[in-house]
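Asks: Give the three-dimensional model of this entry:
(4 chains)
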There are 2 protein chains.
Amino acid sequence: MQARQAQATPANRLPDGARAAIGNGLRTTPTTRPADGQAPQDGLDLLDQFGTRRAVRRGHEFYAAGDPARFCYRIVSGCVRTVGLDEDGRRQIAEFLLPGDLFGFDALDTHHLTAEALTDTVVVCYPRRAVEALAEQNGALARRLRDLTLRSLRRAHEKMFLLGRKSAGERVAAFLLEMARRGAAQDGQGPVALPMTRADMADHLGLTIETVSRTMARLCRTGAIAPTRCGIEIRDPAALARFGAVTRH
Amino acid sequence: MQARQAQATPANRLPDGARAAIGNGLRTTPTTRPADGQAPQDGLDLLDQFGTRRAVRRGHEFYAAGDPARFCYRIVSGCVRTVGLDEDGRRQIAEFLLPGDLFGFDALDTHHLTAEALTDTVVVCYPRRAVEALAEQNGALARRLRDLTLRSLRRAHEKMFLLGRKSAGERVAAFLLEMARRGAAQDGQGPVALPMTRADMADHLGLTIETVSRTMARLCRTGAIAPTRCGIEIRDPAALARFGAVTRH
DNA sequence: CGGCGTTTTGATGCCAATCAAAGTTTGTGG
DNA sequence: CCACAAACTTTGATTGGCATCAAAACGCCG
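Replies: All right, here's what the predicted structure looks like:
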């Protein structure tokens, strides 16, 4: 795969907004969302008054499994992983979170996963007490929080399907397409930032690093994707979607 | 699929005209929980006034993936599975639900899984509109519903770990221990009902029927469990918990 | 440049899938 | 109540996909 495509750095080098402009000054000012005069339709807007900005360096954790759940977060920039670990050191990454995503809301009294910054990350941080208190009184917010959790649950079910029933090829292809979609990819084509390591992908997809690497190499050879400096570029979304389906069986 | 449908449409509306013919011989008495004078600490108690009893025969479905979410359910007796299916016919069973369990609450506008009765089942059935309306006004109920979903999410994450990182032996052992725990087993010993088929277990654990069967046979040979008429008996919970750990690697 | 962590690539092995068939249980109809 | 068909389960033989082991190539940062 080291075919090192010459055109590796065209003008469109910025698209991974995920990792652009991260570590600049961390203020702790009460955050207000991108100013817009619209009415607070989204119950989550209510939280903003309690939010404080916080920067976390790559590799550091927001909270660990078992910690009392004191804060919830919204990502401003950067990338986060939620990790489950077992006594043998086996790891399962539940989700990768990108700018705009919320995390830490999936807790009862304590967190059951660990949340770590994949890259230098800036978040808005909400005290859980405030969230709960507000939700108690405000139906819209409560509703919104439940929706959030329901969506998360739906994704988890899809992931269970992926892990239980899909081949390595399908898993990798599905993952790349998901990242493309979430990375605000235009029409499914174009560059996709992959700020995580192969080990992270492997632990997310229930595979080994070697299998992930081999599978991506194969995808490159078929021309469905091409490697870029810090991610890939999707050349043929349809081929990518078909992949695994052909390999399997 | 078998004929077994008494097309009678009783007094109360059935959820879905298409598949309406689910319940036969169903009374529609307003349900009250086992009478107890205690205050309604549990927000869910509020729902009882809206609940109606309904019987569904084995193999029939409560709702299908894609259906508008009109009802939620609590199991009185019987057993239910929530199923995800893909175009190739591959199946993933998200959960088995037992008496006392709730299901159908994990929906936004439509259900994304199918819910089917594993055995003849009796449920209490709550109109979703009523649930939502009540939750909008009642913070305790809203909170309770979110907790419910959060617990479900936590289980889903554990299942992702199981599917992504555990061996066949560990999966089967974990499943049996879980069923034992949920079946109100005394101290983890004793009989465990397994109302589902091997195919169901396989589709829940991301394995094949043959592998499930072989693994259980091995567990029987080691004396950790023993077969019973319609399930198993756990003879040695510790050995069961160790199983897979020794086999793996 | 040189050390180190990550990624790629290759060789080999093993667990679980697949293929196949016998054995058992369940349900149906005579 | 029995006979038979269909579905489910078990067991065996074989294959194959992914893990594991191993080492080279690459990229990063001091």
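
Asks: does residue A:106 really touch residue A:152, like I thought?
Replies: Yes - under the criterion of CB atoms under 8 Å, residue A:106 is in contact with residue A:152, at a separation of 6.0 Å. Just so you know, the C-beta spots here come from the backbone N, C-alpha and C atoms, and that holds for glycine as well.

Asks: Overlap of the contact sets of these two?
Replies: Counting by CB atoms under 8 Å, 6 or more residues apart in numbering or on different chains, the common neighbours of residue A:106 and residue A:152 are residue B:153.

Asks: wouldn't residue A:237 be in contact with residue A:192 here?
Replies: No - counting by CB under 8 Å, residue A:237 does not reach residue A:192; the two are 10.7 Å apart.

Asks: Between these two, tell me which one has more neighbours.
Replies: In this view residue A:237 and residue A:192 are compared by other CB atoms under 10 Å in any protein chain shown, and residue A:192 has more residues nearby, 25 against 20.

Asks: who's in contact with the more buried one?
Replies: By CB under 8 Å, 6+ apart, the residues touching residue A:192 are A:176, A:179-180, A:183, A:185, A:231-234.

Asks: Just give me the least confident of those residues.
Replies: Among the contacts of residue A:192, residue A:185 carries the lowest pLDDT, at 66.

Asks: still on that earlier bit, in JSON lines, list the contacts of residue A:192 along with secondary structure.
Replies: Below are the contacts of residue A:192 laid out as JSON lines (DSSP: H, G, I helix; E, B strand; the rest coil):
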{"residue": "A:176", "secondary structure": "helix"}
{"residue": "A:179", "secondary structure": "helix"}
{"residue": "A:180", "secondary structure": "helix"}
{"residue": "A:183", "secondary structure": "coil"}
{"residue": "A:185", "secondary structure": "coil"}
{"residue": "A:231", "secondary structure": "strand"}
{"residue": "A:232", "secondary structure": "strand"}
{"residue": "A:233", "secondary structure": "strand"}
{"residue": "A:234", "secondary structure": "strand"}
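
Asks: Show me the shaky parts of chain A.
Replies: When residues are selected by pLDDT under 70, those of chain A lie in A:1-41, A:185, A:248-249.

Asks: Check it for its longest helix and report it.
Replies: Using DSSP state H, we find that the single longest helix of chain A is helix A:139-165.

Asks: Relative to residue A:192, how far out is the nearest residue to residue A:172 once chain neighbours are set aside?
Replies: Sequence neighbours aside, residue A:215 is the residue nearest to residue A:172 in space, at 4.4 Å (criterion: CB to CB, 6 or more residues apart in numbering or on different chains). Counting by CB to CB, to the nearest Å, the gap from residue A:215 to residue A:192 is 15 Å.

Asks: do residue A:114 as well
Replies: 25 Å.

Asks: Over to residue A:118?
Replies: The value you get for residue A:118 to residue A:192, if CB to CB is used, is 15 Å.

Asks: out of everything not next to it in sequence, what's closest to residue A:68?
Replies: residue A:110 (5.4 Å).

Asks: oh sorry, the question was meant for residue A:206
Replies: Nearest non-adjacent residue to residue A:206, counting by CB to CB, 6+ apart: residue B:164, 3.0 Å away.

Asks: hang on, the one you found packs against residue A:201?
Replies: No - using CB under 8 Å as the test, residue B:164 is too far from residue A:201 to be in contact (11.9 Å).

Asks: what's near enough to touch the nearest residue to residue A:147 once chain neighbours are set aside?
Replies: Nearest non-adjacent residue to residue A:147, counting by CB to CB, 6+ apart: residue B:108, 6.5 Å away. By CB under 8 Å, 6+ apart, residue B:108 lies in contact with A:147, A:150-151, A:154, B:69.

Asks: Which two of those have the greatest separation?
Replies: Spatial extent of these (CB to CB) is set by the pair A:151 and B:69 at 13.9 Å.

Asks: quick one: which of these two has more around it?
Replies: In terms of neighbours (other CB under 10 Å), residue B:69 is the more surrounded of residue A:151 and residue B:69; the figures are 19 against 11.

Asks: which residues touch the nearest residue to residue A:245 once chain neighbours are set aside?
Replies: Nearest residue to residue A:245, sequence neighbours excluded (CB to CB, 6+ apart): residue A:170, at 6.7 Å. Contact analysis of residue A:170 by CB under 8 Å, 6+ apart lists A:162, A:243-245, A:248.
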